[in-house]
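[1] need coordinates for the following:
(chains A and B)
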Amino acid sequence: MNRSELPKVTRNMLRSAFLLALVAVIGTTLLAGIHALTRDRIAAQERRVVLEQLNQVLPGSEYDNALHEDVIEIRDYSYFKHDEPFLVYRARKQGRPVAVVLNLVTADGYNGDIRLLVAIRVNGLIAGVRVIAHRETPGLGDPVERARSDWVLGFDGRSLTDPGQKDWAVRRDGGIFDQFTGATITPRAVVEAVQAALEFFAAQQDSIFAPVQAETSHDQDR
Amino acid sequence: MTRTGELKSILMDGLWRQNTGLVVLLGLCPLLAVTGTVINGLGLGLATMLTLMASNLSVSLLRGLLRPEIRIPAFVLIIASVVTALELLMQAWLYDLYRILGIFIPLIVTNCAIIGRAEAFASRNRPLPALVDGLATGLGFCITLILLGALREMIGRGTLLADAHLMFGRLGENLTIVVIPGHPGFLLAILPPGAFIALGFLIAGRNWWQARRSRYPPEIAVVAHQARP
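    Numbering: from 1, shown residues only, chains lettered A, B, ... in the order given. Model prediction:
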């Protein structure tokens, strides 16, 4: 065997490694190309869905700012039963605050997280509520979806004082909101989260619409 | 065997004799998980079919390079690339359907039927038969998904083709057929156990049909033939 020549086994191994690397490079190149081609379109699709959802809880005619961009993240975990920061979209018309839309998660669902949009006008009344993601039992817990029932419209126009504190609950708990046949946990979670959203807004309304430093400072207050 | 005869045999294997969902029973995880409605089944079925065709074709084209010791990791790389590409394309053009099938699309990578076809067929055949094999296997899987989705949707919700707009846009809005008006909903059919039960009936139905056909052969008994070189 020639000294400069590697043993046959090593040569074989190197060739295999090279071929495998070649396949990986081809695959990666292809993916990078497709990613570059689809990136803008995917971002547009995501933006479209966010706007569609926001428009369901707050009609587009009520504000004139770019709602999906005027958003702050709140890292205050005392309101909602979840360890994830929640988003607050700030709707304004001609620069004046009109409403907020909260994108929040509650962990109290029967089957894990329920994600909600809650729109509250500056006068403290609810403009709309939608459940945008959940894993509740099909047929039992899913009437919280707008597509399956009108239940969630029952929040429209409500506020912290209508109904009063002890009536902000499902009927089973002595409140005024319906539960569903065979499912109390799901609507209870939603009712509690909506009430918490109202409480958050009542307490933080000024700092939400104030310039940036306000919402970082109230982190330490609590 | 003639060229067309060979392709025909490949088609029959994928669609009937070796149907992934009903005979080989591979890829059951996505099969059972998404078949709550016809449209979900169709969406995942088409995605799986495209993956199979693309991966079979790539494997067949690269089969000269794929030495035995690296072929399995190479298959995995190819399949993962194909599925990721498909996921990106779906996000860009069928975003609403993607939001429903989302978590099951990456799972196509783990569908053993795909690596199975790469290993058993594509790595030993020319590109055209490999492509046809991908089409046939994928189509067989897709049809199984659609049948299962139809069965579960009809029994569970009393409709067919609900939410068709997710796939066909405006055109799909009027496609929904209400089979049983005022259906109260039958939870079992929609939940995972319903998927197992419905799949059991489909497999039983296929076996029954197969047994009946072989007891009274129409003409000459067809000898199952695996198209292999």
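
[2] in the chain, which spans are helices?
    All of this refers to chain A. A:8-57, A:185-209, A:213-221 (DSSP state H).

[3] meant chain B actually
    With DSSP H applied, chain B shows helices at B:3-12, B:28-34, B:38-61, B:71-93, B:95-101, B:112-120, B:127-157, B:165-168, B:187-190, B:192-215, listed in chain order.

[4] give the other helices and strands that the fourth one contacts.
    What it means is helix B:71-93. helix A:8-57, helix B:38-61, helix B:95-101, helix B:112-120 (3 or more CB pairs under 8 Å, 6 or more residues apart in numbering or on different chains; DSSP states H and E). Where you see a C-beta, it was placed from the backbone N, CA and C, and this is true even at glycine.

[5] which stretch among those helices comes nearest residue A:81?
    Closest of these to residue A:81 is helix A:8-57, at 21.0 Å (criterion: CB to CB).

[6] so what's the closest residue to residue B:105 other than its chain neighbours up against?
    Nearest residue to residue B:105 in three dimensions, chain neighbours excluded: residue B:87, at 4.8 Å (CB to CB, 6 or more residues apart in numbering or on different chains). Counting by CB atoms under 8 Å, 6 or more residues apart in numbering or on different chains, residue B:87 makes contact with B:98, B:105-106.

[7] counting neighbours, which of those residues comes out on top?
    residue B:105 (23 neighbours; other CB atoms under 10 Å in any protein chain shown).

[8] what's the spacing between it and residue B:161?
    Distance, residue B:105 to residue B:161, using CB to CB, to the nearest Å: 21 Å.

[9] how about residue A:109?
    For residue A:109, the distance to residue B:161 - CB to CB - is 29 Å.

[10] could you check which of those two has the larger neighbour count?
    The neighbour comparison of residue A:109 against residue B:161 (other CB under 10 Å) goes to residue A:109, with 23 against 19.

[11] now do the spatially closest residue to the more buried one that is not a sequence neighbour, the pLDDT please.
    Distances taken as CB to CB, 6+ apart put residue A:189 closest to residue A:109, at 5.1 Å, once the chain neighbours are dropped. Residue A:189 is assigned 93 on the pLDDT scale.

[12] quick one: name the residues of chain A near chain B.
    A:15-16, A:19-20, A:22-24, A:27-28, A:30-31, A:34-35, A:37-38, A:41-42, A:45-46, A:48-49, A:137-140 (CB under 8 Å from any CB of the partner chain).

[13] show me which of these are buried.
    A:16, A:19-20, A:23, A:27, A:31, A:34, A:38, A:42, A:45, A:137, A:139-140 (16 or more other CB atoms under 10 Å in any protein chain shown).

[14] which two of those residues have the greatest separation?
    Top of the distance list for those (CB to CB): A:16 and A:140, 54.8 Å.

[15] let me see the contact set for the residue nearest to residue B:63 when sequence neighbours are not counted.
    The spatial neighbour of residue B:63 that comes closest, neighbours along the chain excluded (CB to CB, 6+ apart), is residue B:123 at 5.0 Å. The contact partners of residue B:123, by CB under 8 Å, 6+ apart, come to B:59-60, B:63, B:66, B:71, B:75.

[16] tell me which residue lies farthest from the centre of chain B.
    Distance from the C-alpha centroid of chain B, by CA atoms, centre = their mean, peaks at residue B:182 (31.8 Å).

[17] in chain B, where is pLDDT below threshold?
    Of all residues in chain B, those with pLDDT under 70 make up the ranges B:1-2, B:169-170, B:216-229.

[18] chain A now?
    In chain A (pLDDT under 70), the answer is A:1-4, A:211-222.

[19] outline the domain layout of it.
    A:3-52, A:61-215 (automatic domain parsing).

[20] how far away is the residue nearest the centre of chain B from chain A?
    Closest residue to the average C-alpha location of chain B: residue B:141 at 2.2 Å, with CA atoms, centre = their mean. Per CB to the nearest CB, to the nearest Å, residue B:141 is found 23 Å from chain A.

[21] contacting residues around the residue positioned nearest the centre of chain A?
    For chain A, the residue nearest the mean C-alpha position is residue A:103 (4.3 Å; CA atoms, centre = their mean). Applying CB under 8 Å, 6+ apart, we find residue A:103 in contact with A:86-89, A:115-117, A:132.

[22] before we move on, back to that, of the helices of chain B, which is nearest residue A:199?
    That would be helix B:95-101 among these, by CB to CB, at 30.8 Å.

[23] convert the C-alpha atoms of the closest one to CSV, please.
    C-alpha atoms of helix B:95-101 as CSV (Å, rounded to 0.1, in the frame of the first residue of the first chain):
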residue,chain,number,x,y,z
TYR,B,95,-53.0,29.4,5.3
ASP,B,96,-56.4,28.7,6.8
LEU,B,97,-56.1,25.0,6.1
TYR,B,98,-52.6,25.1,7.5
ARG,B,99,-53.9,26.5,10.7
ILE,B,100,-56.1,23.4,11.1
LEU,B,101,-53.6,20.7,9.9
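
[24] ok, and the closest non-adjacent residue to the residue of chain B found nearest chain A?
    At 3.5 Å from chain A, residue B:81 is the closest residue in chain B, using CB to the nearest CB. Distance criterion CB to CB, 6+ apart; nearest residue to residue B:81, sequence neighbours excluded, is residue A:27 at 3.5 Å.

[25] out of the helices of chain A, which is closest to residue A:174?
    The nearest among these, by CB to CB, is helix A:185-209 at 11.7 Å.

[26] contact partners for residue A:34?
    Residue A:34 neighbours (CB under 8 Å, 6+ apart): B:85, B:88-89.

[27] if any of those are buried, put those into a ChimeraX selection.
    Here is the ChimeraX command that selects the buried residues among the contacts of residue A:34 (16+ other CB under 10 Å):
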select /B:85,88,89
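
[28] nearest to residue A:75, of the contacts of residue A:34?
    Nearest to residue A:75 among the contacts of residue A:34, with distances taken as CB to CB, is residue B:88, at 31.5 Å.

[29] so how far is residue B:108 from the closest one?
    Residue B:88 is 13 Å from residue B:108, by CB to CB.

[30] pretty sure residue B:73 contacts residue A:21?
    No - taking contacts as CB atoms under 8 Å, residue B:73 lies outside contact range of residue A:21: 10.8 Å.

[31] higher neighbour count, the two?
    Set side by side, residue B:73 and residue A:21 show more neighbours around residue B:73, with 14 against 11, by other CB under 10 Å.

[32] how about the nearest residue to that one, chain neighbours excluded?
    residue A:20 (6.1 Å).

[33] you'd agree residue A:121 is up against residue A:99?
    Yes - counting by CB under 8 Å, residue A:99 is a contact partner of residue A:121 at 4.5 Å.

[34] looking at chain A, which residue is nearest chain B?
    residue A:27 (3.5 Å).
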